[in-house]
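> Give me the fold of what follows.
(6 chains)
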Protein chains: 4
Amino acid sequence: MTERSGRQDGRRPANDGPRAAARNRAALVAAAREVFAEQGLAAPLSAIARRAGVGQGVLYRHFPDRAAAVAAVLEGNVRQIERAADEADATFAGVLGVLTWHLTESAGFIGLLAAERPGDRSGIRAHSLALSVRVQRALRRHLPDAHPLSGGEDLGLSVAMVSAAVIGATREEREHRALAAWRLLGVEVGPVRTCEGPEEHDV
Amino acid sequence: MTERSGRQDGRRPANDGPRAAARNRAALVAAAREVFAEQGLAAPLSAIARRAGVGQGVLYRHFPDRAAAVAAVLEGNVRQIERAADEADATFAGVLGVLTWHLTESAGFIGLLAAERPGDRSGIRAHSLALSVRVQRALRRHLPDAHPLSGGEDLGLSVAMVSAAVIGATREEREHRALAAWRLLGVEVGPVRTCEGPEEHDV
Amino acid sequence: MTERSGRQDGRRPANDGPRAAARNRAALVAAAREVFAEQGLAAPLSAIARRAGVGQGVLYRHFPDRAAAVAAVLEGNVRQIERAADEADATFAGVLGVLTWHLTESAGFIGLLAAERPGDRSGIRAHSLALSVRVQRALRRHLPDAHPLSGGEDLGLSVAMVSAAVIGATREEREHRALAAWRLLGVEVGPVRTCEGPEEHDV
Amino acid sequence: MTERSGRQDGRRPANDGPRAAARNRAALVAAAREVFAEQGLAAPLSAIARRAGVGQGVLYRHFPDRAAAVAAVLEGNVRQIERAADEADATFAGVLGVLTWHLTESAGFIGLLAAERPGDRSGIRAHSLALSVRVQRALRRHLPDAHPLSGGEDLGLSVAMVSAAVIGATREEREHRALAAWRLLGVEVGPVRTCEGPEEHDV
DNA sequence: TATGAATGAGGCTTCATTCAT
DNA sequence: CATGAATGAAGCCTCATTCAT
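From the prediction side, this is the model:
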């Protein structure tokens, strides 16, 4: 942000120390989000480094494995949902709207909640589960007792089902499909919106 | 390129001749079903050949590419659903029960209706779509006009959503989850059963 | 020719014994000629069997290896050149015309005299050499003492050079190029023609 | 697809870092030159990597496909010929002498001008053509108007013919044969020599 | 004797991961 | 700290060759 860095002359990139590290991390997460969205979660990691404009080594410094990169990407989505749930006037339908926005926006996020990854030994599954739980927790805080999804695993099941509904759709169709899916489940959804905040630098 | 020796020493594993062809094909389909179920549709094809106990070449003779192997696996499932729909006393709930059985039984089948395969260049997508359409057609023949799923794409969407609900579950949980999913959608399902027929030899 | 064979009804091909063997051999040689011409000498042997309409086993019965198939193809060309040289009124220029015809006609023949096959362990090289020698012998019988090519290895060299001149050309250009090459060598060539004879059945 | 382990046990052969890049490239080009010369342009690429003492991956980093490897090998030869043609006192016979030296020296170079590559889908053909054109252009700049090769395609044809003349010969015979071939064409050739320059490091 | 399936070695290519500079 | 080359295992696919029927 302070623009004090970058290539000083024509030579090697200046070593800005930790400052650069943060910038690189942000670039990597952004690149990973794009690459995973475009090519799926099995995309070559080198593609991420390339798109971020950093060497492979840096990628490994920040993310020891694929699961870490996936988690970093999804972390941002989940945090926004949590933030939406933290807002003073949050409602179940409102949080659902934010969730739906992420489902619509980030193809990578789709993978989190609906991905078929049997036999995955890379730990993506475990990470996904953890993130999934956080999403459910955020939602459940606003779930009325009499809500049709209030029973047992119905909430998690529903989120997975809606996620699946948008798989394979183009970005244009996703919102429509997600809303149709919620409608089939008889669930009311608030406005589909993001939840921008002050700490967007690495999400 | 000109001289592709082969083994000089003489011995060579059994060659059961053409008789083995049918047996091998069946073994390959079975192996593919298991491997796809365990490791997903991106599993190494060589794993299928290995599990079937045949050489790589045989795999390629029977299935020129991954899409063909996938199609062979799913074809059986789809055909049974179609057969269930053809029965004289077929009902929507009944066919749904058969569909649910396959969802429960064959983890590979799951991939058909809910798989995330962005960037898939192998034609699996196209095949899946075709098979998906056949399933929907079979169902729609018995869909009452007043049914909650009778509108537009609701049927396809629902099937995809239920499929997603069972993803990642163990075989034991799948039936329970699938039924819970249908319940959330407000859809009644008949007995979860298979539809065995006389031509099971290669399905 | 007597048309007593072929499939009797709709079942397996009748086993006509030696009669069928000769027919198969001819079909294989013809197929090999076409395949080698189209795809080069490294073409898959299975393509030859397929085009000949026989099983792989038959191919191996007639030609134990690739070199044998190549030799069989070229044998026909060489024999015609020898026959041209045997004619009562044969002249050097005349035989050269026949040679040029084969160069033009049979892309496979091109390989014989000009092919780059270093490191070829399959014996094609040895066969080629032998056939090449026969061609030179046929020519030399009519070579006037005062001819520019009468010295040492000049004859063989020239044939190789002209062969090279037509490599890579389409069938249409080959005659033109071959004649241009002979002209550059200062050698007069008779009419470019074949030398059909009574024993065409397996050439 | 997701988990491509690598060796667990720890050790891993030396990695000399980027320093090795230039060295490796040179080794690869040298190895390719030898392998192509010995086994023809269809030689296994893995043989090149093996002879250069590098992994398969390195080969692919430097040469994305076979055509690139071939081009790298031949580029050096062609450049020297062009340099010979650029010398102040260059003559047609002189450049021909350098060309002949390369024909004699580098069996791989032979492939460039005389190779039979039907069914070549790898683009080697196109590259070869381009290089061939450069050679001809270098020669033509010094070709006297009254020269016997000054007409149309005679120059290219002649080079191809002479190239063919040395095919299959041992390195010792090649110079003799090439000169004999030029003599048969009635063309005078200057001293057979190389054209070393300052930038030999990777040719 | 002919068929055509099976075998499996080996070529090609892609990445995950390490590490000298 | 960052770079980016090297490594090599593993997946894909293609045939040459054999052999039961």
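
> dump the residue contacts of A:Leu59.
A:28, A:45, A:48-49, A:52, A:69 (C-beta atoms under 8 Å, 6 or more residues apart in numbering or on different chains). C-betas here are computed from N, CA, C, even on glycine.

> Please, which helix or strand holds A:Asn77?
helix A:66-86 (DSSP states H and E).

> Does that helix reach chain B?
No. Helix A:66-86 stays clear of chain B (C-beta under 8 Å from any C-beta of the partner chain), getting no nearer than 13.2 Å.

> quick one: average pLDDT of that helix?
Mean pLDDT, computed over helix A:66-86, is 92.

> need the next SSE after it, C-terminal direction.
Next along from helix A:66-86, by DSSP H and E: helix A:92-105.

> mind listing what's buried in the helix holding A:Asn77?
For helix A:66-86, a neighbour-count test (16 or more other C-beta atoms under 10 Å in any protein chain shown) marks A:66-85 as buried.

> Return the alpha-carbon coordinates of that helix using CSV.
C-alpha atoms of helix A:66-86 as CSV (Å, rounded to 0.1, in the frame of the first residue of the first chain):
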residue,chain,number,x,y,z
ARG,A,66,-2.3,-28.2,-1.5
ALA,A,67,-4.7,-28.5,1.5
ALA,A,68,-3.1,-25.4,3.0
ALA,A,69,-3.7,-23.4,-0.2
VAL,A,70,-7.3,-24.6,-0.4
ALA,A,71,-7.8,-23.7,3.2
ALA,A,72,-6.4,-20.3,2.8
VAL,A,73,-8.7,-19.6,-0.1
LEU,A,74,-11.8,-20.8,1.7
GLU,A,75,-10.8,-19.2,4.9
GLY,A,76,-11.7,-15.8,3.4
ASN,A,77,-15.2,-17.0,2.4
VAL,A,78,-15.9,-18.5,5.7
ARG,A,79,-14.7,-15.5,7.6
GLN,A,80,-17.1,-13.3,5.7
ILE,A,81,-19.9,-15.5,6.5
GLU,A,82,-19.0,-15.5,10.2
ARG,A,83,-18.7,-11.7,10.0
ALA,A,84,-22.2,-11.5,8.5
ALA,A,85,-23.4,-13.6,11.4
ASP,A,86,-21.7,-11.3,13.8
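
> Please see if that helix touches chain D.
Yes. Helix A:66-86 reaches chain D (C-beta under 8 Å from any C-beta) through A:Arg66.

> Return the distance of that helix from the chain's centre.
5 Å (C-alpha atoms, centre = their mean, to the nearest Å).

> per-domain residue ranges of chain A.
A:18-62, A:66-196 (automatic domain parsing).

> Run the contact check for the helix holding A:Asn77 versus DNA strand F.
No. Applying C-beta under 7 Å from any atom of the strand, one finds helix A:66-86 separated from DNA strand F by no less than 14.6 Å.

> Run the contact check for that helix versus DNA strand E.
Yes. For helix A:66-86, a contact with DNA strand E is found by C-beta under 7 Å from any atom of the strand, at A:Arg66.

> Report the angle between that helix and helix A:92-105.
150 degrees (axes from the mean of the first three to the mean of the last three C-alpha atoms, to 10 degrees).

> what about stretch A:62-70, start to end distance?
12 Å (C-alpha to C-alpha, to the nearest Å).

> ok, and the helix or strand in chain A with the lowest average confidence?
The helix or strand of chain A with the poorest confidence is helix A:107-114; it has a mean of 64 (mean pLDDT, DSSP states H and E).

> A:Ile124 reaches A:Ala68, doesn't it?
No. Counting by C-beta atoms under 8 Å, A:Ala68 is not a contact partner of A:Ile124; they are 9.5 Å apart.

> on that earlier part again, quick check: which of the domains of chain A is nearest to C:Ala93?
With respect to C:Ala93, and counting by C-beta to C-beta, the nearest of those is domain A:18-62 at 64.4 Å.

> Check whether A:Ala180 sits in a helix, strand or coil.
Following DSSP: H, G, I helix; E, B strand; the rest coil, the label given to A:Ala180 is helix.

> before we move on, which element is the closest residue in space to it that isn't next to it in sequence in?
Distances taken as C-beta to C-beta, 6 or more residues apart in numbering or on different chains place B:Leu157 nearest to A:Ala180, at 6.1 Å, with adjacent residues excluded. Element membership of B:Leu157 [criterion: DSSP H and E] is helix B:154-166.

> Contacts for that helix next, please.
With C-beta under 8 Å, 6+ apart, helix B:154-166 has contacts from A:114, A:157, A:160-165, A:167, A:177, A:180-181, A:184, B:99-100, B:103-104, B:110, B:112-114, B:132, B:135-136, B:139-140, B:143, B:148-149, B:173-174, B:177-178, B:180-182, B:185, B:187.

> Near whichever residue of chain A sits closest to chain B, how many other residues are there?
Proximity to chain B, evaluated over chain A using C-beta to the nearest C-beta, is greatest for A:Ala164 at 2.8 Å. When neighbours are defined as other C-beta atoms under 10 Å in any protein chain shown, A:Ala164 has 30 of them.
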